[in-house]
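Visitor: missing the sequence, but the structure's below:
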């Protein structure tokens, strides 16, 4: 019996995973990853690193990727919520330069798989949000790269108004404020 359901997105290989949640008066239990179950669903990645971040509401992180030692990421929220975004950077893909986003929260318990060849970022929708992710390769700072989160060519709709966030009051790292624009970056896959 598989405790996961896959929801395809309009971008090939980018999937939302819904775990089966077992709940009763004590609380709940769910698997967040099971290699055998994932393989049965066609997801044959190998994870080598886990990360955990905590952010206040209005933090925007991304859009990040590595030019070598590319990372696939299995992301989820354990407290709070985020608007999670992936951008297809695979040059041969029919959806090259297209983005897809999903709201991940501790309530909906959805898991988002972002394969190698994508840029990734997220907007934190609540204070004290905790975000975890498994990676298919180790972090390599010498190959760290990114795209400007507000690039007009990609045109991500961050849904600021819907989420009650003032875009003029975002908290963004200095690195993310000066990332290259999509058409200037040549480090795609």
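Guide: Structure's in. What do you need? Keep in mind it's a predicted model, so treat the numbers as computed, not measured. Numbering: from 1, shown residues only.
Visitor: any chance you could map the helices in the protein?
Guide: Taking DSSP state H to define them, one finds helices in the chain at 35-40, 160-163, 174-177.
Visitor: residue 146: which of the ones you listed is closest?
Guide: helix 174-177 (6.7 Å; Cβ to Cβ). For the C-beta atoms, the positions are set from N, CA and C on the backbone; glycine is no exception.
Visitor: who does that closest one touch, helix- and strand-wise?
Guide: With contacts taken as 3 or more Cβ pairs under 8 Å, 6 or more residues apart in numbering; DSSP states H and E, helix 174-177 sits against strand 60-66.
Visitor: note down every partner strand of the strand it packs on and its orientation.
Guide: With DSSP bridges as the test, strand 60-66 is paired with strand 118-124 (antiparallel), strand 144-146 (antiparallel).
Visitor: what sits up against it?
Guide: 53, 55, 71, 85, 87, 89, 118-124, 137, 139-140, 143-149, 158, 170-173, 176, 179 (Cβ atoms under 8 Å, 6 or more residues apart in numbering).
Visitor: can we see that at 6 Å?
Guide: Residues outside strand 60-66 that contact it (Cβ atoms under 6 Å, 6 or more residues apart in numbering) are 87, 119-123, 140, 143, 145-147, 149, 170, 172.
Visitor: same question, stretch 69-77
Guide: Here stretch 69-77 makes contact (Cβ under 6 Å, 6+ apart) with 45, 104-106, 111-116, 120, 131-137, 140, 143.
Visitor: go with 8 Å
Guide: Contacts of stretch 69-77 (Cβ under 8 Å, 6+ apart): 17, 32-33, 45, 47, 65, 84, 104-106, 109-117, 120, 122, 129-140, 143, 189.
Visitor: please apply the same query to stretch 11-26.
Guide: For stretch 11-26, contacts defined as Cβ under 8 Å, 6+ apart pick out 3-9, 28-32, 41, 43, 74, 86, 88, 93-95, 98, 100, 102, 109-115, 118.
Visitor: ok, stretch 146-156 next?
Guide: 60, 62-65, 85, 87, 97, 99, 101, 119, 121, 158, 172, 175-176, 178-183, 185.
Visitor: mind pulling up the pLDDT for the residue of the chain most remote from its centre?
Guide: What lies farthest from the middle of the chain is residue 25; by Cα atoms, centre = their mean that is 31.7 Å. Here, the pLDDT recorded for residue 25 equals 96.
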